[in-house]
Each structure stands twice: as C-alpha cells, then as structure tokens.
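>>> Coordinates for the following, if possible.
(4 chains)
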Number of protein chains: 2
Amino acid sequence: MTRTQQEPAKTGSTSAKPTLRPSSLSDVAMLACVSTGTVSRVLSRPEMISEATRTRVMEAVQRLGYVTNGAARALVARRTHTVGALVPRFGSSSFPTLVQALESTLAARRYTLLLSAPEHARAQDPSLVRTLLERGVDAVALLGTEHPPQTFAMLKAHGVPFVLMWATQSQDGACVGFDEHSAAELVVEHLAGLGHRQIGFIGGRTGDNERARRRLRGLHEAVAGRGMMLGTNAVVEVEYGFRQGFTAMTELLQRRLPITAVICGNDYLAAGALSALSRGGIDVPRQMSVASFNDNDFAEFLHPPLTTVHVPISEIGEQAGLYLLARLHGEAPVPIPASLPVHLVVRQSTGPVAG
Amino acid sequence: MTRTQQEPAKTGSTSAKPTLRPSSLSDVAMLACVSTGTVSRVLSRPEMISEATRTRVMEAVQRLGYVTNGAARALVARRTHTVGALVPRFGSSSFPTLVQALESTLAARRYTLLLSAPEHARAQDPSLVRTLLERGVDAVALLGTEHPPQTFAMLKAHGVPFVLMWATQSQDGACVGFDEHSAAELVVEHLAGLGHRQIGFIGGRTGDNERARRRLRGLHEAVAGRGMMLGTNAVVEVEYGFRQGFTAMTELLQRRLPITAVICGNDYLAAGALSALSRGGIDVPRQMSVASFNDNDFAEFLHPPLTTVHVPISEIGEQAGLYLLARLHGEAPVPIPASLPVHLVVRQSTGPVAG
DNA sequence: TTGTATGCGTTATCAC
DNA sequence: GTGATAACGCATACAA
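Residues are numbered from 1 along each chain as shown, chains lettered A, B, ... in the order given. Below is the predicted model:
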C-alpha cells in the first residue's frame, strides 16, 4: 500500500522514457477514488458493482491504459491460462498445421500457447519441460511418446495435465493420434486391388523418428497379411522433403527391382518422387504406381493425381487442445480421446508421365 | 510463512490426487534447514553460499523436484523471459519457418515464445496484444506493418520493445524484412536478359495481404523501368497454394495472352503452375518460362528446375529475435536492422515438360 | 455495495 | 555466509 507514486504523467512528455512502470490496480483505484478491491471486482465480476462506480472505474482503466499484471494474478490464482507445447523443429515438418490447430483451439477458450521447438537433438532434454513448468503452464502437449521418464515425472509431480500427440498408445499418458496400422491397410489394400504384388516405400528415417517407425511397421504388417512383398532393398529412408523424394525415387528406379508401386510416407516425398518419374531418363517401368500418406494436405494437389491416405494432422492438434481444456475445466474424469479416423482418397493409381 | 503443511507425501500413494501444491522455496528451505533466502541464493548465485549448505540445499531441491514459480519471480523481477509473437494463421502459410527461426533464436538466449496465431479476420483485434501484455511478455514480434494504432499505443505505453516482421518501412516501429523492389528487379532483370518482353504474374491477393501488395508493386516498377509489359489481365491473384497455382496457370493459358514468361509469387504457386504446364492439354506456348519467389525454400526442388529469388524468411525470424534480445539486454541504442539481402538463384529458364 | 487486510512465492535489502 | 523481512500486484474472505 506504500507504493511510491511517480510524477503525475505529463501528457505529451519529453522523449525521456525512464521505463515507467505500467499502471497497477492501485493507480486505477486512486484515480477512480475507490479501493483496489473494487477495481478488481469491476474487472472480474462487474455485476457485483453499482453502475455508477463501475463506469467511473472503467473510465480510469481506459485513461491509464491499465492491463492486468498476469504474474500477480497467476500467483494468487495458481493459473496462467497458458498451455505449453513441445514440438521439435516444427518449422520444417508437417507440424505447423498441428500447432496451428492446437493454438486455435486454445485461443478460442482464451488460452495462450507457449511454444517450445527444440532441435531434434535437444528434444529429449528434460529442462525444456522444466522451463515450461517454470513459466507456469497449466497443461502441456508433447509430440510423440518418446520422452525421458523424468519428463513425465515432473509433469505428474506438478499435477499438470498433458497429452501425447501423434501417438495412440503409451503407458505414460493420454494420446491423440491415429492408427498407423489402419492407414497402412488402406493404401496396401488399394494397391493389392489393383494387382500390385511387389511394392516399395519411401519414408522417414526410422532411427530418429518414432512416427516413421510406426508407419513402416504398419506397412509391413499390412503387406504380410496379403501375401505381398515389401523387400528390404525396396525401402528407402530419408528426411521428409521434396528433394529427398526425388532422389529416393531415382535411387529406387536404378535398383531395377521388380516393384510396380511405391508408397511415399509423406506428401513432400510424393511430390519429389513424382518429379523423378516425370523426368524420366532412367528406365521407368510403364505402370509404376505412386500412393502416399497425406500429412500436409498437399498431395491432393499434385499432378498427376495420387491416391492418398488422409492423415488427420490438424485434427490431432485440435483434439489435443480439447482434451487439455477438458482436463483443465471439467471436473469429471475426462474420456481419453479415441484414435482419429483416417481415410483413403482414391484419385488414381498413377503411371508415370511420359518421359 | 504460515504456510499450511499438507500431509507428508506418502511415497507410492493412492490414486487420489488432490492437486497438491508443487513445493516452494520454503518447502526446500524447511527440508534443508535453512532460510528461503539462502535457497534462493543457492539457485541464482551459488558462489555466494558455502559448499556445505549448497549441496544440502541442492539435495533438497532434487528430492522435492522443486521448480521455480515463474509468476512469483516475474512479479518481483518485472521480467518473464517471454516474447510474444503475433503471426496470423501461420499454419497455412510461409510463416512456420519464420516462427521457428524466431523461437530458436530466443530459446538460445533462454527466452520462451508465446504464440498468437489468429484468423486473418481477427488479426487486427487489439485485444490480442493486450492478452500478450497481460501474460507479461517482455517484447513482441508482429507480422507486417498494418496494425491498429491502439496496438502500437499499448506496446509503447508499456515500454515493451517490438518489431514488425516482413516489412522494411514503418513509422510505427522497427522493421525486419527485405526489399521487395530489389527482389522484383532481380527476377525481371533475369527475364529481360532472356529476351522476354511480355510477362504474367500469379500472386497472392493484394486486397488482404500487404506483402502480396508490395510484391506486385515491386514487379510493376521493375517492369516499367525496362519497357516491358505486365498487363492487368496477365495478373492473377489467388491464395497461396499448390492447387491455386495450377488453376491460375491454366486460366492464364486459356486467355491466350502474348506472354512468354510467368512469375509466381511463391513456391507453392510455382509448383502448381509447373504442374499445369507439364500436364499440357491446352495450347502451351513452347517457350513459356516460369520463375518464382522462393518463400518456403521449396521451389529449388521443383522439377523442372526453376529460377527463383530466394527470399530470406527464416532470416527475418532470426533477425527479429536478435533485435528484440538486443533491446532487452543491450543498454545502448540498438541499431535498427537493415533490409535483408535477397538473391537470385538461376537454375533454368524452364520451358514446359512435354505434355 | 464497498473497503480492509492477508497471502500467493520470489528476490533483494538489510542486519547479524 | 546466512537469516529475517519487505515489497512485487492481484484476488478474495471478511467487515462494515
């Protein structure tokens, strides 16, 4: 209460800007000739306050450009209305859509997103979550299931709800994802129906990437169940990217395998692979088909048209957000979100463009 | 100091989880038999504390899984180590790269990014910045220059440093961007050198998008300076996207204009446009060239190869971050970042793939 | 309806 | 080297 009052703001003051402290509740209270408690109530529960004082207070708020100090509020409320997201290198991946969806969902409920996007190498560092916790996030969304035990321990110890995104199963916490196995079934079934027996796959690096791993495993299972064949040397692991798809397809063609179809793990890869085919040059089998998982909702625009499995990336973000919000607000035990549906979009089992 | 002590944590307790408060400084102090002040010092300036007590305190910290309460810290420090970014719909644009770069730059200096990514319609809403301010951001990065006066007023009133990204000039604040005019000069000069006189442009909607607007204006100027021609009906405005590029190019072809080259405002557009060309069907001029601005570092992987102007998107994020950090830490007047360099990447003045 | 007083968890300024 | 203690700005229970 003994707050030292600075000089009354000289309107249109000089350029000297001695970092004057933004006005606080008590500044407003002073100006409106009420107590700080009243101001606080006007702002949070206006109906409790008489019309007269309310308008008077609001005027003061306007005049001073008062903005609530979230730190102080958080300190007493034990809530920041902030959710942390831990999504490695989202800038060069399929994740922006996911993050965007998460943010939108949260923003609609007046929550703010605190983003952590470390290099893959640092993604495992528990201090990242620690930082989020220090910032006072009310909940956390993590990409994937592979996090050090310490991460989960901290989260649990702090009673901070969290979700694992892009995964369907984990003993460590609730997941929002889709069934890679069904997704694989869909493409493979499609190709099987077209008479393909030997197929190839261009996908992400299974060493680094748990999602790439699950995707490949799903394919293997689907293929095995149909007596088809996906040989080891028909699988190329690369970074997800246009250029990489191009190179990988070229590589695959040079191996002269008896494959008649190639599945791409991602639409960037697919786009690159198609380029390789359309460039021709090498001995391109007449009926080489290409199909793809559609991470970025991008493959649908490729030419020639491509059969894809639509993979619900932004839905993951949205559902993750909704789940966390439910945990944050709902009192009842929140249902763990089910696996999101995937679906096949048959456009064409494309052959190569004339080379 | 009269903090009510909850039941001592039963290790391996039941599933009942009554939201037990995370442990605080005083919990640690208690366990280590020191004062809270000492604990605080151990954590912030360990060298001030004797070896003995220091290790004792650290043990307690470990045992309790203590994490600093950022709200309390922020309250006294008047700093949150958090920077806000206001980037509309970054999920479906060229912005992820930018945001990623910004985040990385900040994270390297232990700052966290608070992301606001509203629908375009809401992007002008001053309450977004207000929210960021409430959350206590130390600085703010905004996309573009077009924000309501109120936004700038709030920022200034709070003494919060801010930058405008993807722009080079504004009376409202410091900008980080690149010169659209030079970029346009580069492509146009290139095309002129190849003998093109009449060209077309597929770009973003100038109505909504100040960047698209600047880009188009730059082209017009560059073209005019060379006696070339960019007719009104040779300009197609669309959303940035693969499909849109495809459609726009098709449209352009149908108009049977005497143009011999088309510039695309973006690599997504370029990819789509190339698809349209390679599909053939319509009467594709033999020597139709395509060049592009390379927003997503994506065009370089297209096939056929494409001459592009590399546009430094992630650099914008990085420089914006560095500028803000300088403002936050440096005491001296921080130099306003210069316009970032753009450069032409000549790959080929491509003709259409055989249709 | 409004004012008063206390506490949130931390840092920093004093003493010791 | 360490311990008390006073802010930081807000919300809220309790008085009036």
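>>> Show me how far stretch A:89-104 is from its chain's centre.
Its chain's C-alpha centre and that of stretch A:89-104 lie 4 Å apart, by CA atoms, centre = their mean, to the nearest Å.
>>> right, is that stretch up against chain B?
Yes: Stretch A:89-104 reaches chain B (CB under 8 Å from any CB of the partner chain) through A:89-92, A:95-101, A:103-104. All C-beta spots, glycine's among them, are computed from the backbone N, C-alpha and C.
>>> can you check stretch A:297-310 too?
Yes: remark: stretch A:297-310 sits within contact range of chain B at A:298, A:300-304, by CB under 8 Å from any CB.
>>> Most neighbours among these, please name it.
residue A:302 (26 neighbours; other CB atoms under 10 Å in any protein chain shown).
>>> Now it, what are its backbone angles?
Torsion angles at residue A:302 (phi, psi; degrees, to the nearest 10) stand at phi -70, psi 160.
>>> quick one: pLDDT of it?
Residue A:302 carries a pLDDT value of 75.
>>> Could you give the number of residues near the nearest residue to residue A:325 once chain neighbours are set aside?
Nearest residue to residue A:325 in three dimensions, chain neighbours excluded: residue A:109, at 5.4 Å (CB to CB, 6 or more residues apart in numbering or on different chains). Around residue A:109 there are 14 other residues, counting by other CB under 10 Å.
>>> Ok, residue A:135 next?
For residue A:135, using other CB under 10 Å, the count is 25.
>>> Which residues are in contact with it?
Residue A:135 sits next to A:80, A:82, A:84, A:114, B:70, B:80, B:82, B:112 when contact means CB atoms under 8 Å, 6 or more residues apart in numbering or on different chains.
>>> who are the neighbours in contact with the closest residue to the fifth one other than its chain neighbours?
By that I understand residue B:70. Ranked by CB to CB, 6+ apart and with sequence neighbours excluded, the top spatial neighbour of residue B:70 is residue A:134, at 4.5 Å. By CB under 8 Å, 6+ apart, residue A:134 lies in contact with B:67-70, B:73.
>>> which bits of the stretch 1-150 of chain A sit near DNA strand D?
A:2-4, A:21, A:24-26, A:36-37, A:40-41, A:43-44, A:66, A:68-69, A:72-73, A:75-77 (CB under 7 Å from any atom of the strand).
>>> taking those residues one by one, which sit in strands?
With strands taken from DSSP state E, there is no overlap with those.
>>> Just the buried ones out of the residues you listed, please.
Taking 16 or more other CB atoms under 10 Å in any protein chain shown as the criterion, what is buried in these is A:24-25, A:40-41, A:43, A:66, A:68-69, A:72-73, A:75.
>>> Which helix or strand in chain A has the lowest average pLDDT?
helix A:267-279 (a mean of 83; mean pLDDT, DSSP states H and E).
>>> tell me the angle that helix makes with helix B:267-279.
Helix A:267-279 and helix B:267-279 meet at an angle of 30 degrees, taking axes from the mean of the first three to the mean of the last three CA atoms, to 10 degrees as the criterion.
>>> What is the helix or strand just after helix A:267-279 packed up against?
The helix or strand immediately downstream of helix A:267-279 is strand A:289-294, counting by DSSP states H and E. Strand A:289-294 makes packing contacts with helix A:180-193, strand A:261-264, helix A:267-279, strand A:307-310 when contacts are defined by 3 or more CB pairs under 8 Å, 6 or more residues apart in numbering or on different chains; DSSP states H and E.
>>> Taking the residues of stretch A:297-310 next to chain B, tell me the two that lie furthest apart.
Distance extremes for those: the farthest pair is A:298 and A:304 at 14.8 Å, using CB to CB.
>>> distance of the residue nearest to residue B:70 from residue A:317?
Between residue A:134 and residue A:317 the computed distance is 24 Å (CB to CB, to the nearest Å).
>>> right, is stretch A:171-183 up against chain B?
No: judged by CB under 8 Å from any CB, stretch A:171-183 makes no contact with chain B; its nearest approach is 13.8 Å.
>>> Same question for stretch A:248-260.
No: using CB under 8 Å from any CB, stretch A:248-260 stays clear of chain B, coming no nearer than 11.0 Å.
>>> tell me the domain ranges of chain A?
Here the domain parsing of chain A from automatic domain parsing is A:25-68, A:80-177+A:314-328, A:180-311.
>>> Switch these over to TSV; also include distance to DNA strand C.
Formatted as TSV, these follow (distance: least, CB to the nearest atom of the strand, whole Å):
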stretch	distance to DNA strand C
domain A:25-68	3
domain A:80-177+A:314-328	9
domain A:180-311	34
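>>> between those domains, which one is nearest to residue B:121?
domain A:80-177+A:314-328 (12.4 Å).
>>> What's the end-to-end length of the closest one?
Using CA to CA, to the nearest Å, the end-to-end distance of domain A:80-177+A:314-328 comes to 11 Å.
>>> What is the burial count for the closest residue to residue A:172 other than its chain neighbours?
Closest residue to residue A:172 apart from its sequence neighbours, by CB to CB, 6+ apart: residue A:152 at 4.8 Å. The tally of other residues near residue A:152 (other CB under 10 Å) stands at 19.
>>> before we move on, back to that, find the pair from the contacts of residue A:135 with maximum spatial separation.
The most widely separated members of those, counting by CB to CB, are A:84 and B:80 (13.8 Å).
>>> The two: which is more packed in?
residue A:84 (27 against 23).
>>> In three-state terms, label the more buried one for me.
strand (DSSP: H, G, I helix; E, B strand; the rest coil).
>>> Just confirm it contacts residue A:130, I think it does.
No: at 10.7 Å, residue A:84 and residue A:130 do not qualify as touching, with contact defined as CB atoms under 8 Å.
>>> quick one on the thing from earlier: the residue nearest to residue A:172 is in contact with residue A:170, isn't it?
No: Residue A:152 is not in contact with residue A:170 according to CB under 8 Å; the separation is 9.3 Å.
>>> before we move on, the earlier item: the domains of chain A into a markdown table, with extra columns for distance to residue B:31?
Formatted as a markdown table, the domains of chain A follow (distance: least, CB to CB, whole Å):
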| stretch | distance to residue B:31 |
| --- | --- |
| domain A:25-68 | 34 |
| domain A:80-177+A:314-328 | 15 |
| domain A:180-311 | 38 |
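>>> Comparing those, which yields the minimum mean pLDDT?
Among these, domain A:180-311 scores lowest, with a mean of 88.
>>> Tell me who's in contact with residue A:317.
Neighbours of residue A:317 in contact, by CB under 8 Å, 6+ apart: A:97-105, A:165.
>>> from those, which two are the most distant?
Top of the distance list for these (CB to CB): A:104 and A:165, 14.8 Å.
>>> more neighbours, the two?
residue A:165 (26 against 19).
>>> what's the distance between the more buried one and chain B?
Distance of residue A:165 to chain B, given as CB to the nearest CB, to the nearest Å: 14 Å.
>>> repeat for residue A:334
Residue A:334 is 14 Å from chain B, by CB to the nearest CB.
>>> Counting neighbours, what do you get for the closest residue to that residue other than its chain neighbours?
Among residues not flanking residue A:334 along the chain, residue A:326 sits closest, at 4.4 Å (CB to CB, 6+ apart). By other CB under 10 Å, the residues close to residue A:326 number 16.
>>> Since that was my last question, I'll sign off now.
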